[in-house]
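**Q** Need a 3D model of the sequence below.
(4 chains)
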Protein chains: 2
Amino acid sequence: MASDEVKKVSLAVIRRLPKYHKCLGELLQKNVERVSSQELGRILGFTASQVRQDLNNFGEFGQQGYGYNVEQLYNEIAKILGLNTEHKMVIVGAGKLGQALAGYGDFERHGFKILALFDVNPNLIGSSIRGVPVHDMKDIIYFINENEVDIAVITVPRENAQEVADTLSQTLIKGIWNFAPVEVKAGPGVIVENVHLLDGLLTLSYRMNESRLTQKLKKIHEE
Amino acid sequence: MASDEVKKVSLAVIRRLPKYHKCLGELLQKNVERVSSQELGRILGFTASQVRQDLNNFGEFGQQGYGYNVEQLYNEIAKILGLNTEHKMVIVGAGKLGQALAGYGDFERHGFKILALFDVNPNLIGSSIRGVPVHDMKDIIYFINENEVDIAVITVPRENAQEVADTLSQTLIKGIWNFAPVEVKAGPGVIVENVHLLDGLLTLSYRMNESRLTQKLKKIHEE
DNA sequence: TAGATTGTTAATCGATTAACAATC
DNA sequence: TAGATTGTTAATCGATTAACAATC
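**A** The predicted model follows:
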């Protein structure tokens, strides 16, 4: 049964797809018509070889002697990323972070439409943030199922994050994007992407620390 | 000159360090005294072998027949991550995201002290957000140098991000944590960590799309 | 001492890079 | 046609896993 063996695409490749997508979008903006794997690699800091290997995971998008058509490749990658259909999102937690994400235009621009925020705070319920209404947390299950919401963003405090994920797992939601600093689990068929903001800061701190040490070592050596 | 060859630690290892740190912190909280590489790996989803390899990049922290002392290892990793000294941060951009980060307790808890927010908006300048004052962007160079600020967080709109990074490069700042959706560059000696929020969302979208396709394929096959 | 578990070397696996025939 | 650049196979490189002697 070799025919339906799904060639698993590695996470490393997947995490590069948004970079290609963004870069091609910028080229498109500049009215660039075609691009070679070499040029694309140069811009992104990848080798031409890697660019070709990456893209060939998904199909043959190029043409020998020509390269890749920017618009076509942009659209192909959008399709691979699932950006050809509009996604409907809700944000759970209407605190500062929830509000920040609700106002972040980049999401809408890529077809992620934010329908509502949800919160338990009666002072927030009924208000609206940059045109996005804040609803009562009590109504979330009904709302998600009724509006065929795809993706829920969790921006509640750590203590409540798993509980929210459990509630969401009872709905028709397909993806959870979690900003609370815990690894939340969801029901089967629900894809979870955990964001670890602190990790990025600690990595920065490590690199600052390391560069300081390296400089110190250099100095010692020069003496 | 083999003696000062710095064995470069791979990025993959570095990005795991915050996970070890967090996990050990939780074990410490639970008063667990010792932990084996096997147990630590089990919790984090790594192999015991990988745990030992990772840690041995930085020293010999364990003891045969015993494992690792939780508190000691926690402190060692904190030191490696540069968490033994307090870091001073400022946030550039007092919009919703800047405000959200200013109120995020996890940073302080790990020794990252937020001294101030900076903005150009006269309505915000002079106010304070959860005890953190908002200053005029004009004063940022003086403030950073005077207060020996380590790290600057950029939460301004994309258009202004590089300009802010250029300004910061004129100061004694050591690290930049950039949330604007552009890859900012900084002067020599300044470490930059770019956060790509949208990338995470696109990766989630890809995985949702992929799982949908996989299920479709399965169905076709079953028929 | 005996059992456990490390640090470390060797084997395996996977991802990146190089090379080149195919072809536009 | 000649030049360019792909898709793809082979070679290399690096990271993960396995194995085991050292030792607490």
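**Q** Run through the neighbouring helices and strands of the helix or strand hosting A:Gln99.
**A** Secondary structure from DSSP states H and E places A:Gln99 in helix A:96-102. Using 3 or more C-beta pairs under 8 Å, 6 or more residues apart in numbering or on different chains; DSSP states H and E as the contact definition, the elements that helix A:96-102 packs against are strand A:87-92, strand A:112-119, helix B:96-102. Glycine gets a C-beta too; all of them are placed from N, C-alpha and C.
**Q** Per-residue pLDDT of the residue of chain A found nearest DNA strand C, please?
**A** Going by C-beta to the nearest atom of the strand, DNA strand C is nearest to A:Gly65 of chain A, at 2.3 Å. A:Gly65 carries a pLDDT value of 95.
**Q** secondary structure class for it?
**A** coil (DSSP: H, G, I helix; E, B strand; the rest coil).
**Q** Tell me the buried residues in the helix holding A:Gln99?
**A** By neighbour count on 16 or more other C-beta atoms under 10 Å in any protein chain shown, the buried set for helix A:96-102 is A:Lys96, A:Leu97, A:Gly98, A:Gln99, A:Ala100, A:Leu101, A:Ala102.
**Q** Flag the shaky bits of chain A, pLDDT-wise.
**A** In the predicted model of chain A, residues A:1-7, A:214-223 satisfy pLDDT under 70.
**Q** Show me where it has its helices.
**A** Secondary structure of chain A (DSSP state H): helices located at A:11-29, A:37-44, A:48-55, A:70-80, A:96-102, A:105-109, A:140-147, A:158-169, A:197-222.
**Q** could these go into a markdown table alongside distance to A:Gly126?
**A** As requested, the helices of chain A are arranged in a markdown table below (distance: least, C-beta to C-beta, whole Å):
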| stretch | distance to A:Gly126 |
| --- | --- |
| helix A:11-29 | 36 |
| helix A:37-44 | 46 |
| helix A:48-55 | 47 |
| helix A:70-80 | 36 |
| helix A:96-102 | 15 |
| helix A:105-109 | 23 |
| helix A:140-147 | 14 |
| helix A:158-169 | 20 |
| helix A:197-222 | 29 |
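**Q** taking the ones you listed together, which one is wrapped up most tightly?
**A** Across the helices of chain A, averaging neighbours per residue (mean count of other C-beta atoms under 10 Å in any protein chain shown) puts helix A:96-102 on top, at a mean of 24.
**Q** Could you list the residues in contact with that helix?
**A** With C-beta atoms under 8 Å, 6 or more residues apart in numbering or on different chains as the test, helix A:96-102 has contacts from A:91-92, A:94, A:107, A:114, A:117, A:119, A:129-130, A:132, A:153, A:155, A:179, B:95-97, B:99-100, B:103-104.
**Q** residue contacts, the residue nearest to A:Lys19 when sequence neighbours are not counted?
**A** Nearest non-adjacent residue to A:Lys19, counting by C-beta to C-beta, 6 or more residues apart in numbering or on different chains: A:Leu44, 5.7 Å away. The contact partners of A:Leu44, by C-beta under 8 Å, 6+ apart, come to A:Lys19, A:Tyr20, A:Cys23, A:Val51.
**Q** now swap in A:Leu17 and tell me
**A** A:Asp54, A:Ile77, A:Ile80, A:Leu81, B:Leu202, B:Thr203, B:Tyr206.
**Q** Pick out whichever of these sits closest to B:Glu33.
**A** Distance to B:Glu33, by C-beta to C-beta, is smallest for B:Thr203 among these, at 38.3 Å.
**Q** Would you mind measuring from that closest one to B:Ile176?
**A** Distance, B:Thr203 to B:Ile176, using C-beta to C-beta, to the nearest Å: 24 Å.
**Q** Kindly report the same for A:Leu198.
**A** For A:Leu198, the distance to B:Ile176 - C-beta to C-beta - is 17 Å.
**Q** Also A:Gln63?
**A** A:Gln63 is 41 Å from B:Ile176, by C-beta to C-beta.
**Q** of the two, who's got more company?
**A** Using other C-beta atoms under 10 Å in any protein chain shown, the more surrounded residue of A:Gln63 and B:Ile176 is B:Ile176, with 25 against 11.
**Q** nearest residue to that one other than its sequence neighbours?
**A** B:Val192 (4.7 Å).
**Q** Give me the number of neighbouring residues for the one you found.
**A** B:Val192 has 19 nearby residues by other C-beta under 10 Å.
**Q** what residues are up against A:Gly59?
**A** A:Glu76.
**Q** Mind doing that once more with 10 Å?
**A** A:Glu76, A:Lys79, A:Ile80 (C-beta atoms under 10 Å, 6 or more residues apart in numbering or on different chains).
**Q** Which segments of chain A make up each domain?
**A** Here the domain assignment for chain A is A:9-80, A:87-197, based on automatic domain parsing.
**Q** want to try CSV for the ones you listed, with distance to B:Ala161 as columns?
**A** Formatted as CSV, those follow (distance: least, C-beta to C-beta, whole Å):
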stretch, distance to B:Ala161
domain A:9-80, 15
domain A:87-197, 13
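**Q** Out of those, flag the one nearest DNA strand D.
**A** Here domain A:9-80 is closest among the domains of chain A (C-beta to the nearest atom of the strand), at 2.8 Å.
**Q** The closest one: end-to-end distance?
**A** 12 Å (C-alpha to C-alpha, to the nearest Å).
**Q** Please apply the same query to stretch A:182-192.
**A** Stretch A:182-192 end-to-end distance (C-alpha to C-alpha) = 12 Å.
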